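Student: Quick one, what's the 3D model for this:
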Amino acid sequence: MEYYRSKNVSVSVSIPLLSGGKHLASVQQANIDLKKYDLQMEQAMDFILSEVEKAYLKVYEAQEKVESIAALVEQADEALRMVKIMYENGGATQVEVLNAESGALGARSSYLSSVFEFNTAILQLKQAINKL
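Tutor: Numbering: from 1, shown residues only. Predicted coordinates for the structure are as follows:
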């Protein structure tokens, strides 16, 4: 009588035919949704940063415009002063004085308009950084 010693190892995998792939598909769909939401978050952050940058650059541009037009106002006022002196001395006509006054008034109007644009740009920047 010989005795043979044997060992058996078995592994059993059970996958139901009707619902076996549903779990894997739901995990894959969850991973896809997670990536989609990450991309949406990144897109939102990029949009916010671009809005802030655009508002900042608009403020910078408006400030430069105010400074530029302020110099024009000074020049227009000086031109008006000179034309008035010439008119008093008989070297200029009343039409030239009126033209110089019109130019000075237009320059002041442009200056006030640029100050308004600057203030609007400041408000847009504050809104972009949520400080309004």
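Student: name the helices or strands packed onto the longest helix along the chain?
Tutor: The residue-count maximum for a helix in the chain (DSSP state H) belongs to helix 20-88. Applying 3 or more C-beta pairs under 8 Å, 6 or more residues apart in numbering; DSSP states H and E, one finds that helix 20-88 contacts helix 94-128. Any C-beta I mention is one placed from the backbone N, CA and C, and that applies to glycine too.
Student: Which residues belonging to the helix it packs on are considered buried?
Tutor: For helix 94-128, burial by neighbour count (16 or more other C-beta atoms under 10 Å) applies to 97, 100, 103-104, 107, 110-111, 114, 117-118, 121, 124-125, 128.
Student: What is the nearest of those to S26?
Tutor: S26 lies nearest to A128 out of those, by C-beta to C-beta, at 40.0 Å.
Student: Tell me the spacing between A70 and L125.
Tutor: Separation of A70 from L125 (C-beta to C-beta, to the nearest Å): 21 Å.
Student: Lowest pLDDT pick from the buried residues of helix 94-128?
Tutor: Across those, the smallest pLDDT goes to A128, namely 90.
Student: what's that one in contact with, if anything?
Tutor: A128 is in contact with 48, 51-52, 54-55, counting by C-beta atoms under 8 Å, 6 or more residues apart in numbering.
Student: most surrounded residue in those?
Tutor: Comparing the contacts of A128 by number of neighbours (other C-beta atoms under 10 Å), A55 comes first, having 19 neighbours.
Student: which residues touch it?
Tutor: Contacts of A55 by C-beta under 8 Å, 6+ apart are 121, 124-125, 127-129.
Student: let's see 10 Å
Tutor: For A55, the contacting residues are 121-129, by C-beta atoms under 10 Å, 6 or more residues apart in numbering.
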